[in-house]
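got a sequence here, can you model it:
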Amino acid sequence: MKAMTNQPQSHVLVVDDDPQIRELLQEYLTENALRVSVAENGAQMSELLAAEVIDLVILDLRLAGEDGMTIARTLRDQSAIPIIMLTGVRDEADRVMGLELGADDFLTKPFSPRELLARIRTVLRRTKSTALAQAQRREIRAYRFADFELNLRTRRLRRGDNQNIDLTNGEFNLLAALLAAPEQILSRDQLLTASRVYDNEVYDRSIDIQVLRLRRKIEADPTQPRFILTERGVGYLFKSSVEILY
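Model prediction:
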């Protein structure tokens, strides 16, 4: 008799003060092979997070009597659980602030449950991919390119003349992501996701600004880069062979 293996269901927590939305999402997402818990406020959310293993949180930013942004900030400070934010206001400031707080996606009400499901699956896939990459790279000590060496454990960049080059957290995360995929064109979204392998928090979400700063530190002529090349309309490519040190 052939043994059956069951894939564990991802556990989603819906935090919304509208009972109709909670009921709708609980029913729809359950029908689509997700385990769903619901909460109507931050206190209930905290209780569930303490009692259950949650894989993703769907958070309404406009909870009655509560600041969803504050709840999101607290959640992000305490864990790396993916967050999809919901809002009934088409306000770009909300979206920007939410993404800056570390939201993985953003959806404006009214929305299609089918679209939300697609976004949930995308975020969960991305999260699992990041977790796998973290496990694979845990054994890597450093990357070496040209006369530079980036140590992943000390988070330091050293040049061949034994000179240490100071990097911000964002610059380190970006360089490590580029070195992990040399000679490959990476989109800004891919770089943003890959950067999280090296840190749960992305400090500056503007990849272009980070690239400019990084070029000033590793390129002989930042205006004519030979390492980090721009692929217009697509993203960036790290143009150098990279040695992995274990």
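
least confident secondary structure element in the chain?
helix 92-100 (a mean of 68; mean pLDDT, DSSP states H and E).

need the next SSE after that helix, C-terminal direction.
Sequence order places strand 105-108 as the next helix or strand after helix 92-100, per DSSP states H and E.

what lines up beside that following strand in the sheet?
strand 83-87 (parallel) (DSSP bridges).

give me the distance between the residue nearest to Glu219 when sequence neighbours are not counted and Phe145.
Among residues not flanking Glu219 along the chain, Pro225 sits closest, at 4.8 Å (CB to CB, 6 or more residues apart in numbering). For glycine as for every other residue, the C-beta is placed from the backbone atoms N, C-alpha and C. Taking CB to CB, to the nearest Å as the measure, Pro225 falls 13 Å from Phe145.

before we move on, what about Leu56?
The gap separating Leu56 from Phe145 is 36 Å, by CB to CB.

of the two, who's got more company?
The neighbour comparison of Leu56 against Phe145 (other CB atoms under 10 Å) goes to Leu56, with 22 against 19.

for the more buried one, give me the pLDDT.
Reported pLDDT at Leu56 in the predicted model: 91.

with Gln134 instead?
The model's pLDDT for Gln134 equals 55.

ok, the one 4 residues further on next?
For Arg138, the pLDDT comes out at 62.

where does the protein have low pLDDT?
Scanning the chain for pLDDT under 70 picks out the ranges 1-8, 89-95, 98-102, 128-138, 194-205.

quick one, domains of it?
Residue ranges for the domains of the chain, per automatic domain parsing: 11-135, 142-245.

before we move on, what SS does Tyr143 have?
Classification of Tyr143 using DSSP: H, G, I helix; E, B strand; the rest coil returns strand.

need the nearest residue in space to Leu61, chain neighbours excluded.
Gly68 (3.3 Å).
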